[in-house]
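Enquirer: make a model of this:
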Amino acid sequence: MVIIRADGNARIGAGHLMRCIAIAEELVLLEGRRAVIFLCADEPSGDMADEHGFRSYVLGTDYQDMESELPMWRKLAENEAVKKEAEAGRLVLLIDSYYVTDRYLEALGEIGRTVLMDDYGNHCYPVDCVVNYNAPASMEAYRRLYQNRDVRLFIGSSYVPLRRQFRAVEEENASRSMSSAGEGIAERRQVFITTGGGDIDNIAGKILRKLYAESYEFHVAAGQFYPHLQDMSELAEKYGNIHIHHNVKDMAGLMGMCDIAVTAGGSTIYELAAAGVPFICFSYAENQENLTEYVGREHIAGYAGAWHKEPGETLERIGRLFEELISDADMRINYSERGHEMVDSFGAERIARALLA
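Expert: Alright, predicted model coming up:
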């Protein structure tokens, strides 16, 4: 049994929960649906897990105060089915939150084997296993951090937990010849824009207005918690070449039909890379800086800057990079190939097998 503790709401976006759902889907294929349970702080998070066919239990707590959940965890540990799994050594607790504390994780360690999704690598947590799939993450740094501790480490972009739907798109796009990749822009001119599940500041709308031209078709992914859906939908009604895709189920298919993308930092960087779509990226929070700077430095994508520090300058760079990328077939081909080198679509399966090992 794997119990997954994760949240997704308008303030933190859907990334944490969606990557856990990708792992859960692989666990189902390996062990069956009854092997996975989600615990969430609030109703929106629980609803998202339910929509993907998983059992979820809403704790009714503040997702930023995880220690307040401990009495409920202790009660859960008394459940006969959970107790049986724990006694057999088969109970795994997968925790994905920036608000964990050592005390919280130590308490969970008394219930089952603890696995932490860690995006930073700057603290030695009291857990049995750590997963950091970010491309800039260093295995050597993690070994130093957890030296003399019996902790399993799964570090690097081979563990990026993409949904299985990206496998078909990855295979299809990888089979494109270089010539067709170069001609795609001239034939289709499909532009994809995504800024995460929340986007309170409507960054997507600002980018769309900056890049808008009648000669392109624009596809904007509006996440489940996107607060500006009404305004963007009205814009789409006014201009026939703007398409708003709300709460997308087949993200791989949507990305796969596009020729160029602009994205905020986060899991969409890995999704676009796996799909072979050349893209421009930027960060809009401190925790996204490391990855967006890395893909720019390694020439995997165009890096436009940190929106949360200099929004005006970042928007200008997005416009300039967009014009460069859309007019340079060789650059698009290079970005596509470099993206495939960084990530494939088997990371969620690798994590799932590790959890069950």
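Enquirer: and the strands in the stretch 201-350 of the chain, which stretches?
Expert: Secondary structure of the stretch 201-350 of the chain by DSSP state E, counting those that start in this stretch: the strands cover 217-222, 242-246, 260-264, 279-283, 302-306.
Enquirer: now do the residue nearest to the spatial centre of the chain against L105, distance only.
Expert: In the chain, the centroid-proximal residue (Cα atoms, centre = their mean) is S267; its distance is 2.7 Å. Distance from S267 to L105, counting by Cβ to Cβ, to the nearest Å: 23 Å. Glycine gets a C-beta too; all of them are placed from N, C-alpha and C.
Enquirer: with L94 instead?
Expert: In terms of Cβ to Cβ, L94 sits 12 Å off from L105.
Enquirer: and for R164?
Expert: For R164 relative to L105 (Cβ to Cβ), the value is 29 Å.
Enquirer: neighbour count winner among the two?
Expert: L105 (18 against 15; other Cβ atoms under 10 Å).
Enquirer: just the element for the more buried one, please.
Expert: helix 102-109 (DSSP states H and E).
Enquirer: alpha carbons of that helix, as CSV, please.
Expert: The C-alpha trace of helix 102-109 is given here as CSV (Å, rounded to 0.1, in the frame of the first residue of the first chain):
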residue,chain,number,x,y,z
ASP,A,102,11.7,17.0,10.7
ARG,A,103,9.2,16.3,13.5
TYR,A,104,6.4,15.6,11.0
LEU,A,105,8.6,13.2,9.0
GLU,A,106,9.9,11.4,12.1
ALA,A,107,6.3,10.8,13.3
LEU,A,108,5.4,9.3,9.8
GLY,A,109,8.5,7.2,10.0
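Enquirer: report the mean per-residue pLDDT for it.
Expert: The average of the pLDDT scores along helix 102-109 is 97.
Enquirer: likewise for stretch 115-129?
Expert: 96.
Enquirer: buried set for that stretch?
Expert: Of the residues in stretch 115-129, V115, L116, M117, D118, D119, G121, Y125, P126, V127, D128, C129 count as buried by neighbour count, 16 or more other Cβ atoms under 10 Å.
Enquirer: among those residues, which ones are in helices?
Expert: Among those, no member falls in helices (DSSP state H).
Enquirer: how about M1, what does it touch?
Expert: For M1, the contacting residues are A35, V36, I37, A81, V82, E85, R90, L91, V92, by Cβ atoms under 8 Å, 6 or more residues apart in numbering.
Enquirer: share the number of residues neighbouring the third one, please.
Expert: Counted with other Cβ under 10 Å, the neighbours of I37 add up to 19.
Enquirer: could you measure from the residue lying farthest from the centre of the chain over to Y125?
Expert: Most distant residue from the mean C-alpha position of the chain: E80, 34.0 Å away (Cα atoms, centre = their mean). The spacing between E80 and Y125, counted by Cβ to Cβ, is 29 Å.
Enquirer: residue contacts, the residue lying closest to R152 once chain neighbours are set aside?
Expert: Nearest residue to R152, sequence neighbours excluded (Cβ to Cβ, 6 or more residues apart in numbering): C129, at 4.3 Å. For C129, the contact set (Cβ under 8 Å, 6+ apart) comprises R113, T114, V115, L116, V151, R152, L153, F154, A354, L355.
Enquirer: before we move on, what about Y146?
Expert: C124, V130, L153.
Enquirer: so the first one sits against L153, correct?
Expert: No: taking Cβ atoms under 8 Å as the definition, C124 is not a contact partner of L153, at 11.5 Å.
Enquirer: returning to what we had before: apart from its neighbours in sequence, what residue is nearest the residue nearest to the centre of the chain?
Expert: Spatial nearest neighbour of S267, excluding adjacent residues (Cβ to Cβ, 6+ apart): G15 at 5.2 Å.
Enquirer: what about the one you found, neighbour count?
Expert: For G15, the count of nearby residues is 20 (other Cβ under 10 Å).
Enquirer: show the pLDDT at it.
Expert: As predicted, G15 sits at a pLDDT of 83.
Enquirer: does it touch G196 like I think?
Expert: Yes: if you go by Cβ under 8 Å, G15 and G196 touch, sitting 7.0 Å apart.
Enquirer: need the overlap of contacts for these two.
Expert: G266.
Enquirer: of the contacts of C129 - the most surrounded one?
Expert: When neighbours are taken as other Cβ under 10 Å, the top entry among the contacts of C129 is T114 (26 neighbours).
Enquirer: any idea how far it is from D62?
Expert: Taking Cβ to Cβ as the measure, T114 and D62 are separated by 21 Å.
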